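Colleague: coordinates for the following, if possible.
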Amino acid sequence: IAMVEKKTFSISELSQEFDVTTRSIRFYEDQGLLKPRRRGQTRIFSTKDRVRLKLILRGKRMGFTLAETRELFDLWDETLTGNEKQLLKMLEILDGRKAMLEQQKNDIAQAEMEIDTAEARCREALAELQKKKKQQAPANDEARQTAEN
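Modeller: Residues are numbered from 1 along each chain as shown. Model (predicted):
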């Protein structure tokens, strides 16, 4: 039976499917992002929990905080299908994320320029040192020959 056809999942099944530790899944549960039912000590995750775990992990990759993810889940839970308020919030978060990434790209470009400048200066200084060394070598040879005579 494929994972998507199943109606319920164990913590270890979700852990394997999404390549996360069971500890991470329990943490998301502690944070109120997942709400599995219980059968004794056993957690029983629904398809809704499975989708939420997928969204949590996707959000994490995109740089969303767990608080932002929780806020989106809460907005979604206010209605059965989500709403304009949730979509506007999502767009606001995405705009913020894009602006942050743009700033990081600019910061990286600036750092690369500074590294290139420093590298060029080092190479010039090294070439200058090597040039002086070569000029001194013949002078040292002459001095040695003069001293030997």
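Colleague: contact partners of stretch 92-110?
Modeller: Stretch 92-110 is contacted from outside by Met62, Gly63, Phe64, Glu68, Leu72, using C-beta atoms under 8 Å, 6 or more residues apart in numbering. (C-beta placed from N, C-alpha, C; glycine too.)
Colleague: now name the helix or strand holding the closest residue to Val20 other than its chain neighbours.
Modeller: The shortest distance from Val20 to any non-neighbouring residue, by C-beta to C-beta, 6 or more residues apart in numbering, is to Leu57 (6.8 Å). Assigned by DSSP states H and E, Leu57 belongs to helix 47-61.
Colleague: which elements pack onto whichever helix or strand comes after that helix?
Modeller: Moving toward the C-terminus from helix 47-61, the next helix or strand (DSSP H and E) is helix 66-78. Secondary-structure packing of helix 66-78 (3 or more C-beta pairs under 8 Å, 6 or more residues apart in numbering; DSSP states H and E): helix 47-61, helix 84-148.
Colleague: helix 66-78 vs helix 84-148, what angle?
Modeller: For helix 66-78 against helix 84-148, the angle by axes from the mean of the first three to the mean of the last three C-alpha atoms, to 10 degrees is 160 degrees.
Colleague: ok, how many other residues are close to Ser10?
Modeller: 15 (other C-beta atoms under 10 Å).
Colleague: tell me the buried residues in the helix-or-strand element of the chain with minimal mean pLDDT?
Modeller: Least confident element among the helices and strands of the chain, by mean pLDDT, DSSP states H and E: helix 66-78 (a mean of 80). By 16 or more other C-beta atoms under 10 Å, the buried positions in helix 66-78 come out as Glu68, Thr69, Arg70, Glu71, Leu72, Phe73, Leu75, Trp76.
Colleague: since that was my last question, I'll sign off now.
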